[in-house]
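**Student:** Pasting the sequence and the predicted model now:
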Amino acid sequence: MAKQADGTKQADRAKARPVGAVAGQPAGLFVGLTTLDMIYLVRRPPGPDEKIVADDLVVAAGGPATGAAVAFAHLGGRATLVSAVGSGPLAAAARADLATLGIHHHDLRPGVPVLPVSAIMVNPASGERAVVSAHGALPGAVPGAADAARALLAGADVVLVDGHQLDVAVDILGTRRSRPTEAGGAATSAGRPPVVFDGGSWKPRTERLLPHVDVALCGSAFRPPGVGVDPGEVLRYLLAHGPSFAAVTHGPGPVRWATARAGGEVLPPAVRAVDTLGAGDVFHGAFAWSIAALPRLTTAGLVDALAAASRVAARSVTSFGTRSWLTAQDEAPPSETSGS
């Protein structure tokens, strides 16, 4: 039988927080993709015309912005997710999962059956996974949905966008650009909330989004047009197109970061990975939580946030599925950083 995450004891589970403490509950606005993930634990993938039986199954809401919102809420934040979920039994399952975890959801396609479904097979021996998803042609927002979403920006301490629902994200962030800032133009939770970009892969028109972004955190598969495989090239591209701080992750390897004047690496903790699905989403959500209460975006503060997020993401890969780590009682392992 499929297992759904039980978030009724979320407050108790969030007592041990590996990210630096903040006063009150920071508010995060997450704009992007929601899917319904069917996650199968299998010892090997099936061959041609073969049927196999999974050792375990988890059904949960997924997607980059959604997974980040889950991590943010678990760490003690107030998360609002803006995505297209729509209607029907699949949408009801995703919406119930989000509600159980304490995430407020703003639907961009109410009343329309639009929710994409992902089928994922996880190999417990290696922690690797294979994913089949059906969100290639993601429907846009219905008229008026973006207008209502724009109002949500007023209470946000941090904003995360994943490149999906790009028109809505640009519309919301265009409003943010007109808000007042402190002297020197630094983003603050009280005035102009910082924007984090989760760049899992390059998507059409991403170049429209980058000028609105303060921090770009991209995976090793993120390849802007005409840019090679060298992470240094990707970092230079990002810094030239809007963000003032950029980082590239590489699975369990070092996280490379750069600004216009500095650069370095953050070394994630070494753990035995059982399931790497959603680790990047957890990383982004924990990073957003860590910077939500910063009065100014400093290089030192952002590098510390990378280290803290790496610890949370490392903990998330030590159990199967995208929800089991929420109930883990052990503290995340320490992390080391280096910079230049």
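**Tutor:** Ah, there it is.
**Student:** Could you give the separation of stretch 47-57 from the chain centroid?
**Tutor:** 30 Å (C-alpha atoms, centre = their mean, to the nearest Å).
**Student:** er, stretch 54-69 actually
**Tutor:** What separates the centre of stretch 54-69 from the centre of its chain is 12 Å, taken as C-alpha atoms, centre = their mean.
**Student:** Only the buried residues of that stretch, if you could.
**Tutor:** Using 16 or more other C-beta atoms under 10 Å as the test for burial, stretch 54-69 gives 58, 59, 60, 61, 62, 63, 64, 65, 66, 67, 68, 69. For glycine as for every other residue, the C-beta is placed from the backbone atoms N, C-alpha and C.
**Student:** you'd agree the first one is in a strand?
**Tutor:** Yes - Residue 58: assigned to a strand according to DSSP: H, G, I helix; E, B strand; the rest coil.
**Student:** Skip the chain neighbours and tell me the closest residue to it.
**Tutor:** Spatial nearest neighbour of residue 58, excluding adjacent residues (C-beta to C-beta, 6 or more residues apart in numbering): residue 321 at 3.7 Å.
**Student:** and that neighbour, what does it touch?
**Tutor:** 3, 39, 41, 56, 58, 60, 275, 277 (C-beta atoms under 8 Å, 6 or more residues apart in numbering).
**Student:** Give me the below-cutoff pLDDT ranges for this protein.
**Tutor:** 1-23, 135-139, 177-191, 328-340 (pLDDT under 70).
**Student:** can you rerun that using 80?
**Tutor:** Applying pLDDT under 80 to the chain flags the ranges 1-24, 125-129, 134-146, 176-191, 328-340.
**Student:** where along it do the helices fall?
**Tutor:** Ranges of helices within the chain are 10-13, 64-74, 89-100, 145-150, 166-176, 206-209, 231-240, 279-291, 299-316, based on DSSP state H.
**Student:** Dump those helices to CSV, plus distance to residue 249.
**Tutor:** CSV is the format used below for the helices of the chain (distance: least, C-beta to C-beta, whole Å):
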stretch, distance to residue 249
helix 10-13, 25
helix 64-74, 13
helix 89-100, 25
helix 145-150, 28
helix 166-176, 21
helix 206-209, 17
helix 231-240, 9
helix 279-291, 7
helix 299-316, 9
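**Student:** wait, which of these is closest to residue 255?
**Tutor:** Counting by C-beta to C-beta, residue 255 lies closest to helix 299-316 out of those; the figure is 5.5 Å.
**Student:** List just the nearest of the contacts of residue 321 to residue 176.
**Tutor:** Closest to residue 176, out of all of the contacts of residue 321 and judged by C-beta to C-beta, is residue 60, at 29.9 Å.
**Student:** does that closest one really touch residue 324, like I thought?
**Tutor:** No - if you go by C-beta atoms under 8 Å, residue 60 and residue 324 don't touch, sitting 10.2 Å apart.
**Student:** before we move on, the earlier item: nearest to residue 194, of the helices of the chain?
**Tutor:** In terms of C-beta to C-beta, the element of the helices of the chain nearest to residue 194 is helix 279-291, at 6.1 Å.
**Student:** Compute the inter-axis angle for the closest one and helix 299-316.
**Tutor:** Here helix 279-291 runs at an angle of 140 degrees relative to helix 299-316 (axes from the mean of the first three to the mean of the last three C-alpha atoms, to 10 degrees).
**Student:** who does helix 279-291 touch, helix- and strand-wise?
**Tutor:** Packed against helix 279-291, as judged by 3 or more C-beta pairs under 8 Å, 6 or more residues apart in numbering; DSSP states H and E, are the following elements: strand 27-31, helix 64-74, strand 158-161, strand 195-199, strand 215-218, helix 299-316.
**Student:** how far off helix 64-74 does it point, in degrees?
**Tutor:** With the same axes, to 10 degrees defining the directions, helix 279-291 sits at 50 degrees from helix 64-74.
**Student:** Give me the buried positions along helix 279-291.
**Tutor:** So for helix 279-291, counting by 16+ other C-beta under 10 Å, buried means 279-291.
**Student:** Which one, of the helices of the chain, ends up nearest to residue 129?
**Tutor:** Between these, helix 279-291 lies closest to residue 129; by C-beta to C-beta that is 10.2 Å.
**Student:** Show me how far the closest one is from its chain's centre.
**Tutor:** Taking C-alpha atoms, centre = their mean, one finds the center of helix 279-291 at 6 Å from the center of the full chain.
**Student:** the inter-axis angle of that helix versus strand 195-199?
**Tutor:** 170 degrees.
**Student:** Now helix 279-291 - C-alpha only, PDB.
**Tutor:** C-alpha atoms of helix 279-291 as PDB (Å, rounded to 0.1, in the frame of the first residue of the first chain):
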ATOM      1  CA  ALA A 279      17.900  16.100  -2.500                       C
ATOM      2  CA  GLY A 280      18.400  19.200  -4.700                       C
ATOM      3  CA  ASP A 281      14.900  20.400  -3.800                       C
ATOM      4  CA  VAL A 282      15.700  20.000  -0.100                       C
ATOM      5  CA  PHE A 283      19.000  21.800  -0.600                       C
ATOM      6  CA  HIS A 284      17.200  24.800  -2.100                       C
ATOM      7  CA  GLY A 285      14.500  24.900   0.500                       C
ATOM      8  CA  ALA A 286      17.000  24.800   3.300                       C
ATOM      9  CA  PHE A 287      19.100  27.500   1.700                       C
ATOM     10  CA  ALA A 288      16.100  29.700   1.400                       C
ATOM     11  CA  TRP A 289      15.200  29.100   5.000                       C
ATOM     12  CA  SER A 290      18.700  30.000   6.100                       C
ATOM     13  CA  ILE A 291      18.800  33.300   4.300                       C
END
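**Student:** Perfect, that will be all.
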